[in-house]
Each structure stands twice: as C-alpha cells, then as structure tokens.
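Student: Just the structure for this:
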Amino acid sequence: MAEPRLQHASMTIPAGAQETVRAFYEGILGLTEKPAPQSLAHLHLVWFAVGDGEMELHFLPDSYLPDRADPGHICLEVDDLEAYRRKLTKAGVKIIEAEPIPNRPRFFFLDPFGNRIELTTILGDYRSAS
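Tutor: From the prediction side, this is the model:
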C-alpha cells in the first residue's frame, strides 16, 4: 500500500458566514473556490482548491451539526480504502460511516486522542458522476 497523503482539512464557521469565508480565503489569500458536491448541497459548504488543486480546504456552518460536535478533521487519501477499513477494524477502531460523495468513497474514525480522521479514495471527479 502506498503511504496516505493529506487530501483536505475541514473547519467550522458560524452559520451564514460563507461570504466572509469567501472574502478572506479567496479575496485576501487568493485561493480558488470549487463547487462542493451536490450530494452535500444541503450543508451549505464552501470548498477551496489549495496548492496544485489536488488538496482542498472545506468549511461547514456549525448550525448543521445536530449534536454540536466539532466536525473539524483532516482527510487522508489512500489507494485501498477497504484495506484500511479492515486494518482499523482489526485494531478495534470504530468506523464512522459518512454521507456519500460521488467518486469519493469514505469513512471517519477517531484516533487514540479523539481527533476525527477521514479516509477516502479519489475515483474521479465528484462533479461528473451521475
């Protein structure tokens, strides 16, 4: 298996702060916004491409958190998602299933310190999936 690579970081913002996020990250820092997946449109996310465009920065309004738990996390891209699922399960790590994104199978888990980690495999462009 190839070593995982950082795919994105995700942070929360106050409800209704999407334009402030855009003004800062796009207007001041110069990042390029990219559309979030249609399957997650109800969450009103704001996504930006970072660096060469393969890394991303995601923002989620905190009003969409049913239990007010902080969903901030890092996401690692792996070449064999199911191999990692088996490895984590065998180690006794609880898998937290995620809302589907086309061409990005994924799941979450907590590391030994309670940090939320997402693992995904990029199979294609989520915008071109039917």
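
Student: average pLDDT for the longest strand seen in the chain?
Tutor: Longest strand in the chain, counting residues (DSSP state E): strand 5-13. Model confidence over strand 5-13, given as mean pLDDT, is 89.

Student: what lines up beside that strand in the sheet?
Tutor: With DSSP bridges as the test, strand 5-13 is paired with strand 55-61 (parallel), strand 73-77 (antiparallel).

Student: right, so of the ones you listed, which gets closest to residue 106?
Tutor: Distance to residue 106, taken as CB to CB, is lowest for strand 73-77 among the strands paired with strand 5-13, at 7.6 Å. To be clear about C-beta, it is placed using only N, CA and C from the backbone, and glycine gets the same treatment.

Student: distance between that closest one and the chain's centre?
Tutor: 6 Å (CA atoms, centre = their mean, to the nearest Å).

Student: For the longest strand of the chain, buried residues please.
Tutor: Across strand 5-13, burial judged by 16 or more other CB atoms under 10 Å covers 7-8, 10, 12-13.
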